[in-house]
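Q: Got a predicted model here, sequence first, then my questions.
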Amino acid sequence: MRRQRNIKIVATLGPASSDHKTIKALFEAGADVFRLNMSHGTHEEIAARHEIIRKIEEEVGRPIAILADLQGPKLRVGAFEEDSAELEVGQSFRLDLDETPGDATRVQLPHEEIFQALKPGSTLLVNDGKIRLKVESCGEDHADCTVTVGGTISNRKGVNVPDVVLPLAALSEKDKADLEFACELGVDWLALSFVQRPKDVWDARELANGRAAILSKIEKPAAVDAFDEILKVSDGIMVARGDLGVELPVQNVPPIQKQLVRKCRAAAKPVIVATQMLESMIESPMPTRAEVSDVAAAIYEGADAVMLSAESAAGQFPIEAVTTMDNVAREVESDPTYRSVIDASRGGKRETSADAIVVAAREIAETTDISAICCFSQSGTTARLIARERPRPPIIAMTHILPSARQLVLTWGLHCVLTNRLERFKQAVVNAARAARKDGFAEESDQIVVIAGVPFNVPGSTNILRIAPCEERLIFSTDPE
């Protein structure tokens, strides 16, 4: 099933989308990647959804990517004697380690690491920023604050600390258990929450041990500040705008999104734009115009993927939400302005022979009558490099390594095809031509560009480009051994 767009759609699975019929309908509507949220559902429920996806993969005959999203540390206040309390602007309020139920003057904050990092003047946000506290003084077991934004504070509401780097690892004990479970299950990507520094990514990478690619969620100001170093050690990025919008002024989020997407594109690493993209479709079959514009903006920026969360996991209209994203993507990508924006924003260092090969492939494909660019890749690096160029003709990424094919599904424009292990370049050309014809990218009278590395099956050896006919008779009559 060929997609009529380049950007990919990530759909979260949940109570509204946990059976075979619905998940297959989501795929047919346009979902390319399925997200398993480790914050919700038991291991048994997640394993069942994983099994369904793999069965659908066999049925449709093309790779499907699975992303397991780790919960990360959850910072929450304790309980209140009457379940909640009212805080007024200007009043004093204390956070401490005392387990006694709270009231309008204090409550437990059972995270001593937060007290270790706080300073006078620090800000604490409770319940997604609906309550704001300014730290006046603090110690190892308490923080005395002034309420700057009041309201109702209730049991176990989440706490954000936007202006300090917390001495907390990104992986809790639950996350470590979930990571091992997801890797044994066979997921393709691990999304890492609460990233603050490159070390957080290295810790997850060490535990994953090559069994899954690591995608860092950028949801804290500290991660934005350290983004260049985090990007270097990550396989992909998710711009998690929900928490970013809590911990940063909301007007800062759009320019940060654009900056991060641009940097990911330059590094040839996939980037997902996530959170509240079609939020109203949780309860409505139609999105708002603002939501459609939000999705369109991410597509114009050249993001690799856009993501649905509660819309597909718990909403009343999961299939309609995916269909809407697919329709918006196809309409935007058919707009001449889209192509001019994408071409103008092309960037990244080009220092290797592989860089030169993929640039040449794009230029040849766009200046001659080429139906598709077919690239053979072991690790996926060559496929991501050609995707970085955002060429006009479609890209067929071919590999004999199933995990690589699945991971590449997340990348912009890649139509991933699993092929046999090849030993000669002529075999590569024949396989590329067959795939282009079979999946509707080319006819026998068309030409394709083929990129590969000789000798075969050596990662990082991309060194050859060929314009080839799609008709096998011509391939065998013109191709050298």
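A: Arrived safely, thanks for sending.

Q: what's the next secondary structure element after the host helix or strand of residue 427?
A: Assigned by DSSP states H and E, residue 427 falls within helix 425-438. Next along the chain after helix 425-438, taking DSSP H and E as the criterion, comes strand 447-453.

Q: Output the contacting helices and strands for that next one.
A: The helices and strands touching strand 447-453, judged by 3 or more CB pairs under 8 Å, 6 or more residues apart in numbering; DSSP states H and E, are helix 353-367, strand 372-376, helix 381-388, helix 425-438, strand 462-469. Yep, even glycine has a C-beta here, placed from its N, CA and C like the rest.

Q: Out of those, the one nearest residue 246 is which?
A: helix 381-388 (31.6 Å; CB to CB).

Q: Number of residues surrounding the closest residue to residue 167 other than its chain neighbours?
A: In space, residue 167 comes closest to residue 113 once its chain neighbours are excluded; the distance is 5.0 Å by CB to CB, 6 or more residues apart in numbering. For residue 113, the count of nearby residues is 14 (other CB atoms under 10 Å).

Q: Please shift the residue numbers so they start at 483 in all later answers.
A: Got it, the first residue is 483 from now on, which makes the last one we talked about residue 595.

Q: Let me know how buried residue 622 is, in neighbour terms.
A: 8.

Q: Tell me who's in contact with it.
A: By CB atoms under 8 Å, 6 or more residues apart in numbering, the contact set of residue 622 is 594, 597-598.

Q: Now secondary structure too, for the residues you listed, in TSV please.
A: Supplementary listing: these in TSV, determined by DSSP: H, G, I helix; E, B strand; the rest coil:
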residue	secondary structure
594	helix
597	helix
598	helix
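
Q: for these, which one is nearest residue 505?
A: Closest to residue 505, out of all of these and judged by CB to CB, is residue 594, at 42.3 Å.

Q: Settle this for me: that closest one is touching residue 579, isn't it.
A: Yes - at 6.3 Å, residue 594 counts as touching residue 579 under the criterion of CB atoms under 8 Å.

Q: Comparing these two, which residue is more hemmed in?
A: Between residue 594 and residue 579, counting by other CB under 10 Å, residue 579 is the more crowded of the two (14 against 11).

Q: and residue 748, how far is that from residue 782?
A: Applying CB to CB, to the nearest Å, the value for residue 748 to residue 782 is 17 Å.

Q: now residue 488
A: Residue 488 is 12 Å from residue 782, by CB to CB.

Q: Between the two, tell me which one has more neighbours.
A: Per other CB under 10 Å, whichever of residue 488 and residue 782 has more neighbours is residue 488, with 24 against 17.

Q: nearest spatial neighbour of the more buried one, skipping sequence neighbours?
A: residue 895 (3.9 Å).

Q: Tell me which residue is most central in the chain.
A: residue 754 (3.5 Å; CA atoms, centre = their mean).

Q: can you confirm that one is in a strand?
A: Yes - assessed with three-state DSSP, residue 754 lies in a strand.

Q: Kindly state the beta-bridge partners for it.
A: residue 720, residue 787 (DSSP bridges).

Q: Single out the most deeply packed of the helices and strands packed on strand 929-935.
A: strand 854-858 (a mean of 29; mean count of other CB atoms under 10 Å).

Q: in the stretch 583-732 of the chain, which spans are helices?
A: With helices called from DSSP state H, counting those that start in this stretch, the stretch 583-732 of the chain shows them at 594-599, 655-667, 680-690, 703-707, 709-715, 723-729.

Q: right, and those - which one's nearest residue 928?
A: Closest among the helices of the stretch 583-732 of the chain, using CB to CB: helix 709-715, at 37.5 Å.

Q: what pLDDT, on average, does stretch 530-542 get?
A: Stretch 530-542 shows an average pLDDT of 98 in the prediction.

Q: hang on, the earlier thing: which one of the contacts of residue 622 sits closest to residue 914?
A: Closest to residue 914, out of all of the contacts of residue 622 and judged by CB to CB, is residue 598, at 57.1 Å.

Q: what about residue 893, neighbour count?
A: 27.

Q: Touching, residue 910 and residue 936? I think so.
A: No - using CB under 8 Å, residue 910 is not in contact with residue 936, being 9.1 Å away.

Q: joint contacts of residue 594 and residue 579?
A: Joint contacts of residue 594 and residue 579 (CB under 8 Å, 6+ apart) are residue 623.

Q: List the contacts of stretch 495-510.
A: 483, 493, 516-519, 522-523, 527, 530-531, 534-535, 537-538, 541-542, 546, 792, 794-798, 800-801, 804.

Q: hmm, try it at 6 Å
A: 493, 516, 531, 534, 538, 794-797, 800-801, 804 (CB atoms under 6 Å, 6 or more residues apart in numbering).

Q: Apply the buried test to those residues and list what passes.
A: Among those, those buried by neighbour count (16 or more other CB atoms under 10 Å) are 493, 516, 531, 534, 538, 794-795, 797, 800-801, 804.
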